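>>> Any chance you can model this:
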Amino acid sequence: MPGLVLAFAFGLGWIPLYLYRAESMVDALPYYSGAERHWVMLSPAVFAVHMTVSCLLVSFAEPPAWRGAAGLILFAAGVAFWFWARMQIGPLRITRLPEEPPPRLRRDGAFAVVRNPLYLGYLVAAAAPVIVAASPVLLLTLVACFVVLVVRAAQEERRLHAQLGPAYAEYCRDVKRLIPFVW
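Numbering: from 1, shown residues only. Here you go, the predicted structure:
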């Protein structure tokens, strides 16, 4: 029973992250190059597979209480970090197109931790079921999630370099891309 409750919490927890995306995928797709468009569509698909497999495996798991609690705390931390970063971008209901530069270069809050804090939030939340189910399959799907976000981060950063110029290059020297203090 605890596994089923955790699977339900993990599944429902992703809904706000998709509802409050920083950009509308349908509106943004025409602005991306072919390669970017491929990765923009692939990344939510990879996360959907990861979370579907996660919810399935977690629902059958009988994790010790400490692993269940650790998973919930990690998931909540990832979602909270994502919301912190998303609110710094702008109001939750407002989206922007890829061609629109950010109103200003944020170097504070979540953007002082990593250059891609929304992606870090996704990864932290996606890691939670791996802890609960302790499955090698989930570790592999989590690695796939990491790979698609690394590619998307690089693509977005190329665009931001072009839009924001030297100020963004300086920011990149000061703040790590996706893993705080590491990379």
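
>>> Could I get the contacting residues of the residue lying closest to residue 179 once chain neighbours are set aside?
Using CB to CB, 6 or more residues apart in numbering and skipping the chain neighbours, the partner closest in space to residue 179 is residue 114 (7.1 Å). Just so you know, the C-beta spots here come from the backbone N, C-alpha and C atoms, and that holds for glycine as well. The neighbours of residue 114, taking CB atoms under 8 Å, 6 or more residues apart in numbering as the test, are 120, 175, 176, 177, 178, 179, 180.

>>> hmm, 7 Å instead?
120, 175, 176, 177, 178, 180 (CB atoms under 7 Å, 6 or more residues apart in numbering).

>>> Against residue 98, how distant is the second one?
With the distance defined as CB to CB, to the nearest Å, residue 175 ends up 21 Å from residue 98.

>>> Which one's more surrounded, those two?
Ranked by neighbour count (other CB atoms under 10 Å), residue 175 and residue 98 place residue 98 first, with 19 against 16.

>>> Just read off the phi/psi values of the more buried one.
With angles defined as degrees, to the nearest 10, residue 98 sits at phi -60, psi -30.

>>> who's in contact with it?
Neighbour list for residue 98: 23, 28, 31, 32, 159 [criterion: CB under 7 Å, 6+ apart].

>>> Of these, which is the nearest to residue 83?
Proximity to residue 83 was ranked across the contacts of residue 98 by CB to CB; first place goes to residue 23, at 16.2 Å.

>>> and that closest one, which of the three is it?
coil (DSSP: H, G, I helix; E, B strand; the rest coil).

>>> Which residue ranges of the chain form helices?
With DSSP state H applied, the chain shows helices at 2-13, 15-19, 25-28, 34-60, 65-89, 110-113, 117-133, 136-164, 166-174, listed in chain order.

>>> Out of the ones you listed, which is closest to residue 103?
Nearest of the helices of the chain (CB to CB): helix 65-89, 9.0 Å.

>>> out of everything not next to it in sequence, what's closest to residue 53?
Nearest non-adjacent residue to residue 53 (CB to CB, 6+ apart): residue 141, at 5.7 Å.

>>> Can you give me the distance of that neighbour to residue 148?
When CB to CB is applied, the distance between residue 141 and residue 148 equals 11 Å.

>>> Please apply the same query to residue 8.
25 Å.

>>> So the two - more neighbours on which side?
A direct count of neighbours by other CB under 10 Å for residue 8 and residue 148 places residue 148 higher, at 20 against 13.

>>> The more buried one contacts residue 45, correct?
No - Residue 148 is beyond contact range of residue 45, at 8.6 Å (criterion: CB atoms under 7 Å).
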